[in-house]
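1. quick one: sequence and predicted model below, then my questions.
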Amino acid sequence: MKYYIVHIEDYFIGMIFKGNQLVRNTIPLRKEEIFKFFNGKIIENPEGKYLETAEILLKLYFGEMDDKEARNIINYKLEVPEFTKKVLEIVKNIEFGETICYGDIAKKLNTSPRAVGISLKRNPLPLIIPCHRVVSKNSLGGYSYGVEKKKFILERERLKKMRKN
């Protein structure tokens, strides 16, 4: 496995590759934030798949690309337990700019909202698999990178969706 932190524009994105497949990434973060979530070698002038993947993650973060399109471009592999995979398969189908409640996913899988939340926390490919689109009944719910980042991503997606309509 190869651990990289790609520096692109003013952001740093952690990525782990197994061969040519992306198996884990962070969202774009500031330099002072990245090492709270990820350790790796910083690539200052990324090329090839590292640059392409970082550019896509940056577009996803700013709501400039749909995750379905990103999944068709990025060569990734989802390495998670079976239940988490079931949760993330449902999450993949949440439309760009939309949200769904933890409880709605829980009903589909005959489990608890808490179990869904735990599985979402294990999502190794945030933005590519849009766990930020899952919210609680009365609030935004949690997010590994902080609720403010979740709010930012959701707002950017909604703005982009409104401009399309």
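-> Received it, and whenever you're ready, just let me know what you need. Numbers count the residues shown, from 1 in each chain.
2. ok, now which ones touch the closest residue to Arg158 other than its chain neighbours?
-> Taking Cβ to Cβ, 6 or more residues apart in numbering, and ignoring the residues beside it in sequence, Arg158 has Gly97 as its nearest neighbour in space, at 5.0 Å. From N, CA and C alone the C-beta is placed, and that goes for glycine too. When contacts are counted by Cβ atoms under 8 Å, 6 or more residues apart in numbering, Gly97 is found next to 63, 157-158, 160-162.
3. elements contacting the worst-scoring helix or strand of the chain on mean pLDDT?
-> Taking all helices and strands of the chain together, the one with the lowest average confidence (mean pLDDT, DSSP states H and E) is strand 41-43, at a mean of 85. Strand 41-43 sits against strand 2-8, with contacts defined as 3 or more Cβ pairs under 8 Å, 6 or more residues apart in numbering; DSSP states H and E.
4. what average pLDDT does the strand it packs on get?
-> Confidence over strand 2-8, taken as the mean pLDDT, stands at 91.
5. now stretch 45-63
-> Across stretch 45-63, pLDDT averages out at 93.
6. in that stretch, what's buried?
-> Neighbour-count burial for stretch 45-63 flags 46, 50, 53-61, 63 (criterion: 16 or more other Cβ atoms under 10 Å).
7. show me how far that stretch is from its chain's centre.
-> Its chain's C-alpha centre lies 13 Å from the corresponding centre of stretch 45-63 when counted by Cα atoms, centre = their mean, to the nearest Å.
8. pull out the CA atoms of it and give them to me as PDB.
-> Extracted in PDB, the C-alpha atoms of stretch 45-63 (Å, rounded to 0.1, in the frame of the first residue of the first chain):
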ATOM      1  CA  ASN A  45       3.700  18.400  -7.800                       C
ATOM      2  CA  PRO A  46       1.400  15.500  -8.300                       C
ATOM      3  CA  GLU A  47       1.100  13.800 -11.700                       C
ATOM      4  CA  GLY A  48      -0.900  11.000 -13.300                       C
ATOM      5  CA  LYS A  49      -3.500   9.200 -11.200                       C
ATOM      6  CA  TYR A  50      -2.500  11.200  -8.100                       C
ATOM      7  CA  LEU A  51      -3.300  14.500  -9.800                       C
ATOM      8  CA  GLU A  52      -6.400  13.200 -11.500                       C
ATOM      9  CA  THR A  53      -7.800  11.700  -8.300                       C
ATOM     10  CA  ALA A  54      -7.000  14.900  -6.300                       C
ATOM     11  CA  GLU A  55      -8.600  17.100  -8.900                       C
ATOM     12  CA  ILE A  56     -11.800  15.000  -8.800                       C
ATOM     13  CA  LEU A  57     -11.900  15.000  -5.000                       C
ATOM     14  CA  LEU A  58     -11.500  18.800  -5.000                       C
ATOM     15  CA  LYS A  59     -14.400  19.100  -7.500                       C
ATOM     16  CA  LEU A  60     -16.500  16.800  -5.300                       C
ATOM     17  CA  TYR A  61     -15.700  18.900  -2.200                       C
ATOM     18  CA  PHE A  62     -16.800  22.100  -4.000                       C
ATOM     19  CA  GLY A  63     -20.000  20.500  -5.500                       C
END
